[in-house]
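K.L.:
with the sequence up front, the predicted model follows.
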Amino acid sequence: MISLNTSSVRKKIDRVPLPIWLLGFLIITAISLPIVYLIVRALGAGVETWDIIFRYRTLITFGRTMALVIAAPLLSLAIALPLAFLTTRTDLPFRNVWSILGTLPLVIPSYIYAYVLISAFSPRGIFHEFLASPLGIESLPQIYGFPGALLSVTAVSYPYLLLPLQSSLKGMDRSVEEASRSLGRGHITTFRKVTLPLLRPAIASGGLLIGLYSLRDFGAVSLMRYETFTWTIYNQYFTPFGGRMIAAALSLILLIFALFILYLESRTRDKTRYYSSAESNSEPDLIELGRWRWPALIFCALVVIIFLILPMVVLGFWGLRGMFDGVSLKMFWDPAFNSLQASFLTALVVVLAAVPIGIITARFSGKMSQIMEKFTYLGFALPGIVIALALVFFSVGTPLYQTMFILIFGYMILFLPLALGSIRTSILQINPAVEEASRSLGKSPGQTLKEVTLPLSKNGILAGAALVFLVTMKELQATLILSPRNFETLATSIWHATSEAFFARAAIPALLLIFLSSVPMMVLLIFWHRRGNHERISGSL
C-alpha cells in the first residue's frame, strides 16, 4: 500500500460529497432506534425498572451470563492459539488444509451444534443407544446447562480467534524472534517471552469478539436450558402481563454491558500498532516438529473431528433416519428458498448502507466519522431479540409490522458492521492520489466514486456481502419475532424441531443450512488466501 505525505491531497480527499453524508446520518438514525426503544420502555416502567434490575434473580442471570462470556474466550484460546501456530509456523503436513478445515466450523450455527450434542448424548441420543445394550450403560454425563452451552458457543466461535492469530503470526516482524534465538533461546522460550506478547492485541480483540458472541447467543443457551439474559428476555417477551417491560429492563442491562465490551474492543484496537520491517514480508523459516509431528497431527485432527466432522456425522445419521421415517426433502424447499431470499436481500441492502459510511470513515479524518463508525457496531453488540423488540415497538399497528421490509431492516441493523469492516479497509488501501487525479480531469465526486473508488474496492464489497449472507442464514432470534406470517426459514425450522426433540426432522434443514452457508464461507477463504491479507476478513468478523 502506498502512503502519501502530501497534506494537500489528503485535505482534498477529506471532502466527502454531501449526499454521502446525508445517507450516513440517515443510516445512523435508523441504527439508533433500539436505544430509543429501550429508553422509552425504561422510562415508562418508572421505579419498577430499578426493582427488576436489582432483584436477586437478575443478579443470578448476570452471573451466568458473565461465566459464559469469560469462559468461552478462554477455551477458544486454548484451541485457536496452538492451531494457529502449527498452521503458520511449523512444517506440519497439510497445514493449509488444517487451516481451512479449522475455520469451517464458523458456518455452523451454535444452535445446530447444541442440537448435535443433545441428539448424541441425551438419554435418547445416538451414543446412549449404542452403549446401552453392549455395555449396559444406562445414563451418560449431563450435557445440559453450562457445559453444553460453553462447548456449543466455543465450537462455532473459536475461528474468531483463529483468524486474527494466524494473521498476526504471518505478518509479525520476525527479526525480533530471530534476535531472541541468536541469544541462545529455544523455540519455546522465544514463543513465551517474545511471540506471545506480540500476539496480545490479536488475542484481546478476538477474545472480545467471542465474548460479544457469547453475550448475544440465544439458540445454544435456550436448547441447553442455560439461563442467560438473551433467553430470559425472549421468555419475558411472551409473558402476558408486564413481560415486555421486564424484557426492556433486562435489555437495558445487556445494552450497558455490550457497550462496555465495545469500549474495551475500541481501546484495544486503538492502541494496537503493527510495525513490520522489509524482512517480515519474506517467508518464515518453518520450525521442524520432529518427534512432535504426530502429537500435532493428533491435536489438529481432534479439533476437526470434534467441531466439524462430528456435527456432520450426527446430522447425517439423523437425516438418514428421518428419510427412512418418511421425512421428505420437499417440505424444506420453501424454508431454504426463504433463507436464500432473505440472506441475498440483506447482503444487498447492507452493502448499500455500508458503502457511504465506509467512504466517510475512510476518507474523512474527524471526530464525527469516528463516532459514526463506533455507532454502527451498536447493532452487532446487541442480541437479535433486542433489535426485534425495538422494531416491533415502532412497527406494531402499522402496515410494516411482520413484513419482509421490517425483517430485512432488522438484519441491516444487526449486520452492518460486518460489511463495513471489509469495505472500509478496501477504500483505505486505495491510493488517494488516484481519486484526486480523477477529479483533476474534471470528474465530479459522484463520478469519481462510481468510476474509481467502487471498482477498486469491489473485492472488499464482495467479501462483506458474502459474510453478511453467511450470518443472515444463521440468524435465529430476530427471525423468530420479525418474520412475516408463515415465513419459515431453515434456522426457524431447526429451532422448532429441536426444541421439541424432533431430531430426525431437524437434521435435514440443518444439513441444508450448513451446505448453503459453506458457499459464502469458501468465497471468503479463497479471497483471503488469494489476497494474502488476513486482517481484511478477520477484522470484519
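P.N.:
The structure has been received and is ready for your questions.
K.L.:
contacts, neighbours, all on C-alpha from now
P.N.:
Will do.
K.L.:
residue 359 belongs to a helix?
P.N.:
Yes: using DSSP: H, G, I helix; E, B strand; the rest coil, the assignment for residue 359 is a helix.
K.L.:
hey, C-alpha coordinates of stretch 395-406 in CSV?
P.N.:
Extracted C-alpha coordinates of stretch 395-406, given in CSV (Å, rounded to 0.1, in the frame of the first residue of the first chain):
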residue,chain,number,x,y,z
SER,A,395,-44.0,-1.0,13.7
VAL,A,396,-46.8,-2.6,15.6
GLY,A,397,-50.2,-1.2,14.4
THR,A,398,-48.6,-0.1,11.1
PRO,A,399,-48.6,-1.9,7.7
LEU,A,400,-44.9,-2.6,8.2
TYR,A,401,-45.5,-5.0,11.1
GLN,A,402,-44.3,-8.5,10.4
THR,A,403,-43.4,-7.7,6.8
MET,A,404,-40.3,-8.6,4.7
PHE,A,405,-39.3,-4.9,4.9
ILE,A,406,-39.1,-4.9,8.7
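K.L.:
what sits up against that stretch?
P.N.:
Outside of stretch 395-406, the residues that reach it under the criterion CA atoms under 8 Å, 6 or more residues apart in numbering are 391, 392, 482, 483, 484, 485.
K.L.:
of the residues you listed, which is the most crowded?
P.N.:
For the contacts of stretch 395-406, counting by other CA atoms under 10 Å, the largest number of neighbours falls to residue 482: 27 neighbours.
K.L.:
ok, now which ones touch that one?
P.N.:
Residues near residue 482 by CA under 8 Å, 6+ apart: 388, 391, 392, 401, 402, 403, 406, 407, 410.
K.L.:
who are the packing partners of the top helix by length along the chain?
P.N.:
Among the segments of the chain that qualify as a helix by DSSP state H, the longest is helix 56-89. Under the contact criterion of 3 or more CA pairs under 8 Å, 6 or more residues apart in numbering; DSSP states H and E, the helices and strands touching helix 56-89 comprise helix 95-103, helix 146-157, helix 159-171, helix 200-216, helix 229-237, helix 293-304.
K.L.:
out of the ones you listed, nearest to residue 440?
P.N.:
helix 159-171 (36.3 Å; CA to CA).
K.L.:
quick revisit: just the buried residues from the contacts of residue 482, in ChimeraX please.
P.N.:
If you want just the buried ones from the contacts of residue 482 in ChimeraX, going by 16 or more other CA atoms under 10 Å, the selection is:
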select :388,391,392,401,402,406,407,410
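K.L.:
re earlier: narrow the contacts of stretch 395-406 to those in helices?
P.N.:
391, 392, 482.
K.L.:
ok, those residues vs residue 29, which is closest?
P.N.:
Within those, proximity to residue 29 (CA to CA) peaks at residue 391, which comes in at 13.4 Å.
K.L.:
state the distance from the closest one to residue 384.
P.N.:
For residue 391, the distance to residue 384 (CA to CA, to the nearest Å) stands at 11 Å.
K.L.:
low pLDDT regions in the stretch 51-200 of the chain?
P.N.:
For the stretch 51-200 of the chain, applying pLDDT under 70 flags the ranges 52, 123-141, 171-194.
K.L.:
just say helix, strand or coil for residue 93.
P.N.:
Strictly by three-state DSSP, residue 93 counts as coil.
K.L.:
got a list of what it touches?
P.N.:
In this structure, residue 93 makes contact with residue 297, judged by CA under 8 Å, 6+ apart.
K.L.:
and it, backbone torsions?
P.N.:
According to degrees, to the nearest 10, the main-chain angles of residue 93 amount to phi -60, psi 140.
K.L.:
and for residue 351?
P.N.:
Its backbone dihedrals place residue 351 at phi -60, psi -40, with angles given as degrees, to the nearest 10.
K.L.:
who's in contact with it?
P.N.:
Neighbouring residues of residue 351 by CA under 8 Å, 6+ apart: 416, 419, 420, 461, 464, 465.
K.L.:
element containing the fifth one?
P.N.:
Residue 464 is located in helix 458-474, with elements delineated by DSSP states H and E.
K.L.:
buried ones in that helix, by neighbour count?
P.N.:
With burial defined by 16+ other CA under 10 Å, the residues of helix 458-474 counted as buried are 459-474.
K.L.:
for stretch 346-361, same thing?
P.N.:
Of all the residues in stretch 346-361, those buried under the rule 16+ other CA under 10 Å are 346-351, 353-361.
K.L.:
how far away is the spatially closest residue to residue 216 that is not a sequence neighbour from residue 390?
P.N.:
Nearest in space to residue 216, with sequence neighbours left out and distances taken as CA to CA, 6 or more residues apart in numbering, is residue 383 at 4.3 Å. When CA to CA is applied, the distance between residue 383 and residue 390 equals 11 Å.
K.L.:
please apply the same query to residue 57.
P.N.:
Counting by CA to CA, the separation of residue 57 from residue 390 is 24 Å.
K.L.:
those two: which is more packed in?
P.N.:
Shown here are residue 57 and residue 390; by other CA under 10 Å, residue 390 has more neighbours (20 against 11).
K.L.:
mind listing what that one touches?
P.N.:
For residue 390, the contacting residues are 33, 34, 37, 38, taking CA under 8 Å, 6+ apart as the criterion.
K.L.:
could you rerun that using 10 Å?
P.N.:
33, 34, 35, 36, 37, 38, 41, 248, 384, 410 (CA atoms under 10 Å, 6 or more residues apart in numbering).
K.L.:
can you name the two of the residues you listed that are farthest apart?
P.N.:
Farthest pair in the contacts of residue 390, by CA to CA: 41 and 410, 18.8 Å.
K.L.:
quick one: mean pLDDT over stretch 421-437.
P.N.:
Stretch 421-437 shows a mean pLDDT of 72 in the predicted model.
K.L.:
what is the end-to-end distance of that stretch?
P.N.:
End-to-end distance of stretch 421-437: 26 Å, with CA to CA as the criterion.
K.L.:
domains in the chain, as residue ranges please.
P.N.:
For the chain, whose domains are defined here by automatic domain parsing, the residue ranges read 1-31+328-541, 36-271+285-326.
K.L.:
distance check, residue 167 against residue 201.
P.N.:
Relative to residue 201, residue 167 is positioned 11 Å away (criterion: CA to CA).
K.L.:
one step back: same list (the contacts of residue 482) but as a markdown table, adding distance to residue 230 and pLDDT.
P.N.:
Formatted as a markdown table, the entries for the contacts of residue 482 read as follows, by distance: CA to CA, whole Å; pLDDT from 0 to 100:
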| residue | distance to residue 230 | pLDDT |
| --- | --- | --- |
| 388 | 12 | 85 |
| 391 | 17 | 88 |
| 392 | 17 | 87 |
| 401 | 22 | 87 |
| 402 | 21 | 86 |
| 403 | 24 | 90 |
| 406 | 21 | 93 |
| 407 | 19 | 93 |
| 410 | 17 | 91 |
